[in-house]
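S.K.: Structure, please.
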Amino acid sequence: MTNDLQSRLRADLDRAGYYPRLVQGVLDIALAGEEVRAYLVHPETTFDSREVRRHLTALALTPTRLVMAHVDDVPGNEVPSAAATTEAVPISRIASVALTHGVSDPAGTHGGLRSDDLTIAVTWGGAQQVDLAPAGCSDPDCEADHGYTGLLTPEDVVVRVSAQAEGSEALEQALAFARALSAATVSST
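M.R.: Residues are numbered from 1 along each chain as shown. As a prediction, this is how the structure comes out:
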C-alpha cells in the first residue's frame with residue numbers, strides 16, 4: 001500500500017479497531033500491488049442472547065478489480081480467533097451494483113439527495129442463496145407430491161451504512177465509494 005488513498009485506508013482500518021493489522025495484511029495480499037482508487041471500511045457488531053460478535057468488511061476498488069475482505073470473530077475458542085477471507089472480482093464480471101437510499105422527508109429533498117442510509121449490493125454470480133418450499137396446487141383436497149418451488153437470490157456482497165448508526169462521515173464515504181464503483185462498472189462494459 002503506497003498512495004495517499006491507501007494510507008487513508010490504513011488509517012480507517014486502524015480507526016475501526018477490529019484487528020487492523022490482520023485486515024491490512026490480507027488486503028495487501030489480495031491487492032497484489034494494485035493501486036486503490038476508492039475504498040469503504042464497514043465495521044459491524046452484532047448482539048445475540050449469548051455473545052457479542054464483531055465483523056468487518058473492507059471494499060477496495062482498483063483499476064481492474066473489486067477486492068473485498070471479510071473478517072469475523074470465530075466463537076467458541078478459548079483464545080480470541082478470527083476468520084479472514086478475501087475475494088477479488090474483475091470489474092468486467094460485476095453484473096449489478098444496486099444502491100438503495102433511505103431518505104427521510106423525501107418531499108423536503110429539493111435540488112439534491114439527502115440520504116439517511118445507503119445499502120450497496122454488488123452481484124457477479126459468485127454466491128447465491130436458495131429458498132425452497134413445498135410446491136402445491138389449488139386443490140385443497142390434493143395429496144399429491146408436487147415437489148418443491150424455490151427462489152434463487154444473488155448474494156455476493158451487501159453493505160448497509162446508516163448515518164444514525166455510523167455517523168454522517170461514514171455515510172459520505174459510502175456514497176463516494178458507490179459513485180466510484182458505479183463509474184468503474186460503466187467504463188468496463
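
S.K.: Pretty sure residue 119 sits in a helix.
M.R.: No - assessed by DSSP: H, G, I helix; E, B strand; the rest coil, residue 119 does not belong to a helix; its assignment is strand.

S.K.: Quickly list what it is bridged to.
M.R.: Per DSSP bridges, the residues bridged to residue 119 are residue 100, residue 160.

S.K.: wait, it sits on residue 162?
M.R.: No - using Cβ atoms under 8 Å, residue 119 makes no contact with residue 162, being 9.3 Å away. C-beta here means a position set from N, CA and C on the backbone, and glycine is covered the same way.

S.K.: Overlap in contacts, these two.
M.R.: Taking Cβ atoms under 8 Å, 6 or more residues apart in numbering as the contact rule, residue 119 and residue 162 both touch residue 102.

S.K.: Which helix or which strand is home to residue 171?
M.R.: In this structure, residue 171 is located in helix 168-187 according to DSSP states H and E.

S.K.: buried stuff in that helix?
M.R.: Neighbour-count burial for helix 168-187 flags 170-171, 173-175, 177-178, 181, 184-185 (criterion: 16 or more other Cβ atoms under 10 Å).

S.K.: Extract the residue ranges of the chain that are flagged as low pLDDT.
M.R.: Residue ranges of the chain with pLDDT under 70: 1-2, 109-112, 126-131, 151-155, 187-189.

S.K.: For the residue lying farthest from the centre of the chain, which three-state class applies?
M.R.: Distance to the chain centre peaks in the chain at residue 141, reaching 45.9 Å (criterion: Cα atoms, centre = their mean). At residue 141 the chain is in coil, as set by three-state DSSP.

S.K.: Look up the closest residue to residue 146, ignoring the ones flanking it.
M.R.: Take residue 146 and drop its neighbours on the chain: the residue closest to it by Cβ to Cβ, 6 or more residues apart in numbering is residue 135, 4.0 Å away.

S.K.: do residue 37 as well
M.R.: Spatially, and ignoring its direct neighbours in sequence, residue 37 is nearest to residue 61 (5.1 Å; Cβ to Cβ, 6+ apart).

S.K.: Over to residue 12?
M.R.: Take residue 12 and drop its neighbours on the chain: the residue closest to it by Cβ to Cβ, 6+ apart is residue 41, 4.5 Å away.
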